[in-house]
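Peer 1: Build me a model from this:
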Amino acid sequence: MKKVQSILIRSALVALLICSGQAMARDPNIPSDFEFGGRVTDTGNLFANELVLYQRLDQRTLRLENGTHTIPARVEIIDHRPVDDWYKEKNAKAVLYFNGDMQMQRVEIHP
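Peer 2: Here you go, the predicted model:
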């Protein structure tokens with residue numbers, strides 16, 4: 001019985017170390033879809049996360065339905081609205097695309 005208990009404890013510790021190592025390996029500057037909230041759909045290689053965009057505050061800062069977020073510089077932002085409307089306070093749709101590692105790949109903004 002003690003041998004089984006010892007094996008179970010060791011297995012639990014190994015699993016804990018693996019899980020915590022993966023969590024620490026994630027880039028802390030890249031928000032996960034959980035942090036962004038919204039509706040998530042699987043589009044094959046990427047996960048799409050739809051949110052309401054209230055206003056684009058500057059080139060990389062978006063005021064979304066769940067708060068204000070700065071998009072990392074390496075992420076492409078594609079705004080399908082007329083350039084004159086980019087910084088106006090209007091409800092639009094922002095679609096954030098993440099890969100399987102929850103790293104943001106691109107952001108598309110639709111009227």
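Peer 1: and stretch 77-87, how far apart are its ends?
Peer 2: For stretch 77-87, the first-to-last residue distance is 14 Å (C-alpha to C-alpha, to the nearest Å).
Peer 1: what's next to it, contact-wise?
Peer 2: For stretch 77-87, contacts defined as C-beta atoms under 8 Å, 6 or more residues apart in numbering pick out 55-60, 71, 92, 106-111. For glycine as for every other residue, the C-beta is placed from the backbone atoms N, C-alpha and C.
Peer 1: which of the residues in it are buried?
Peer 2: Asp79 (16 or more other C-beta atoms under 10 Å).
Peer 1: Check which residues of stretch 89-98 are buried.
Peer 2: Across stretch 89-98, burial judged by 16+ other C-beta under 10 Å covers Ala92, Ala94, Val95, Leu96, Tyr97, Phe98.
Peer 1: Tell me where the protein has helices.
Peer 2: Under the criterion DSSP state H, helices of the chain are mapped to 2-25, 33-36.
Peer 1: Least confident of those, on average?
Peer 2: When these are compared on mean pLDDT, helix 33-36 scores lowest, with a mean of 47.
Peer 1: Run through the bridge partners of Lys93.
Peer 2: Val52, His110 (DSSP bridges).
Peer 1: Confidence-wise, which helix or strand of the protein is lowest on average?
Peer 2: In the chain, no helix or strand scores lower on mean pLDDT, DSSP states H and E than helix 33-36, which sits at a mean of 47.
Peer 1: What is the burial count for Leu64?
Peer 2: 18 (other C-beta atoms under 10 Å).
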